[in-house]
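Trainee: With the sequence up front, the predicted model follows.
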Amino acid sequence: MNEQLPQIILLNGTGSSGKTCIAKQLQEDLPYQFLNFSIDSVLYALPESDLENMMKGAAIHRTGYDYAQLVEGYHRCLPSLLEAGCHLIIDNAWIDALQVAQLFKLIKEYRCCLIAVNCDLTVAKAREIKRGDRAIGLAEYEFPLVHNTMCYDFQVDSSEQNPQQLSQVIINYINENRAFKALSKTLQ
C-alpha cells in the first residue's frame, strides 16, 4: 500500500454540495479500497417514516429519536472500522464544534486528509430542490456555518467541476503530499 495514502479522507460541506458524489467517484478512482461511510449510512437505518420526515424537514416524534445521538453513534463506528484495517471516505456537514471535537478525538491517531467541499449557495439550493431527498433550506442554513469548525488540508469547489474532475484533483493533491496536518491544527 502507498504509505502516503490517508486512512481517512474527510469531506465537509453543505448539504447538496456534492460530497457523496465525490466520495463515490474517489472510491472508483483510488488505487486502494476505501469505504464510503457517511452520516447517511446511519440515517438510512432509521425507520422509513422517520427518514421520510427528515427528508421533508418535518419533526420526528418517535420516542428515542435524538439526532445528536445518531451523529455520536456514527462517529463511534469510525475507529472500529479503522482498527479493522478499513480505509474510509467520510462525509457530513459538520457545523457543531462539539461534534467536531468528539469526532477528532476519536480519529486523531489516524492519517486523515480534511477536504472542504465548497459550492456556490445558488448551485447547492438548486441541487437540493432537484434531489428531493433533503429538507429544503438545509444548504442555506448550513452554508454560513459549515467551514467554521475545522481547518483543511485542501479545498475544492463543486459549483462548476463535476465529481470525476474533482476526484482527480483530490487524488493529485494526495499523491503530491506526504503529510496531512489539518486535523492536528484543528485540535490545537
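Mentor: Thanks, I have the structure now.

Trainee: going forward, measure contacts and count neighbours with C-alpha atoms only.
Mentor: Will do.

Trainee: can you give me the strands for this protein?
Mentor: For the chain, the strands defined by DSSP state E occupy 8-12, 35-36, 88-92, 112-118, 154-157.

Trainee: Would you tell me which of these gets closest to residue 56?
Mentor: Nearest of the strands of the chain to residue 56, taken as CA to CA: strand 88-92 at 18.2 Å.

Trainee: burial count for the residue lying closest to residue 42 once chain neighbours are set aside?
Mentor: In space, and not counting its chain neighbours, residue 42 is closest to residue 74: 6.4 Å by CA to CA, 6 or more residues apart in numbering. Number of residues near residue 74 (other CA atoms under 10 Å) recorded here: 19.

Trainee: same thing with residue 70?
Mentor: By the measure other CA under 10 Å, the count of residues near residue 70 is 15.

Trainee: Can you get me a residue count around the nearest residue to it once chain neighbours are set aside?
Mentor: Once flanking residues are discounted, residue 70 sits nearest to residue 42: 7.1 Å by CA to CA, 6+ apart. Neighbour count of residue 42, defined by other CA under 10 Å: 14.

Trainee: Please report the distance of the residue nearest to residue 42 from residue 114.
Mentor: Going from residue 74 to residue 114 by CA to CA, to the nearest Å gives 17 Å.

Trainee: again with residue 140
Mentor: Applying CA to CA, the value for residue 140 to residue 114 is 22 Å.

Trainee: Who has more neighbours out of the two?
Mentor: Neighbour totals were compared for residue 140 and residue 114, and residue 114 leads with 23 against 16 (other CA under 10 Å).

Trainee: rewinding a little: with mean pLDDT added, can I get the strands of the chain in CSV?
Mentor: Formatted as CSV, the strands of the chain follow (pLDDT from 0 to 100):
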stretch, mean pLDDT
strand 8-12, 98
strand 35-36, 96
strand 88-92, 96
strand 112-118, 98
strand 154-157, 98
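
Trainee: nearest to residue 173, of those?
Mentor: Taking the strands of the chain one by one with CA to CA, strand 154-157 is closest: 7.8 Å.

Trainee: Thanks a lot, catch you later.
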